[in-house]
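J.: no FASTA, just this:
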């Protein structure tokens, strides 16, 4: 997805023009950039945190000549995803498994149904062996 695609999606979901959506994106990126330049953290709960990471000066080698050079210290923008974003990224695994889950509430409902039916309790009390060994252990114990 690029900036034009994002502008189009915001315009459709907010029911506004693409020009206004582009202005919103420019304001957002400008505000985040200005805050990072000041050394502030930008925390968007559920989405993530933008912050500055400091890299010390270090020695390196010029790959063409092999000469020793000094790489200067610098500041780098860093993004850490929030909890809701990480859950949204991992939620695709459940839909890919064919469970038909489309949202987080569906996933929670599916999990609560499994716990209420005792499916996880039955599985957790059984020994964790591959199928053949499990049968052999049960024959010896039973």
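T.: Cool, the structure landed. What you see is a predicted model; the values in this text were computed from it and never measured.
J.: Residue 60 - that's part of a helix, no?
T.: No: Residue 60: not assigned to a helix; according to DSSP: H, G, I helix; E, B strand; the rest coil it is strand.
J.: any idea how far the closest residue to it other than its chain neighbours is from residue 61?
T.: What sits nearest to residue 60 in space, not counting adjacent residues and going by Cβ to Cβ, 6 or more residues apart in numbering, is residue 71, at 4.8 Å. C-beta: built from backbone N, CA, C; applies to glycine. For residue 71, the distance to residue 61 equals 10 Å [Cβ to Cβ, to the nearest Å].
J.: Likewise for residue 46?
T.: 43 Å.
J.: re the thing from before, who touches the residue nearest to residue 60 in this structure?
T.: Listed by Cβ atoms under 8 Å, 6 or more residues apart in numbering, the contact set of residue 71 reads 57-60.
J.: For those, give me a markdown table that also has neighbour count.
T.: Putting these into a markdown table (neighbours: other Cβ atoms under 10 Å) gives the following:
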| residue | neighbour count |
| --- | --- |
| 57 | 9 |
| 58 | 10 |
| 59 | 8 |
| 60 | 10 |
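J.: Show me the helices in the protein, by range?
T.: Listed in chain order, the helices found in the chain under DSSP state H are 3-13, 18-38, 83-90, 92-96, 104-117, 119-125, 131-141.
J.: Can you name the residues bridging to residue 43?
T.: Beta-bridge partners of residue 43, counted by DSSP bridges, are residue 49.
J.: How many neighbouring residues does it have?
T.: Neighbourhood size, residue 43 [other Cβ atoms under 10 Å]: 12.
J.: per-residue pLDDT, residue 46?
T.: Looking at residue 46, its pLDDT stands at 88.
J.: hang on, it packs against residue 81?
T.: No: with contact defined as Cβ atoms under 8 Å, residue 46 does not count as touching residue 81 (9.8 Å).
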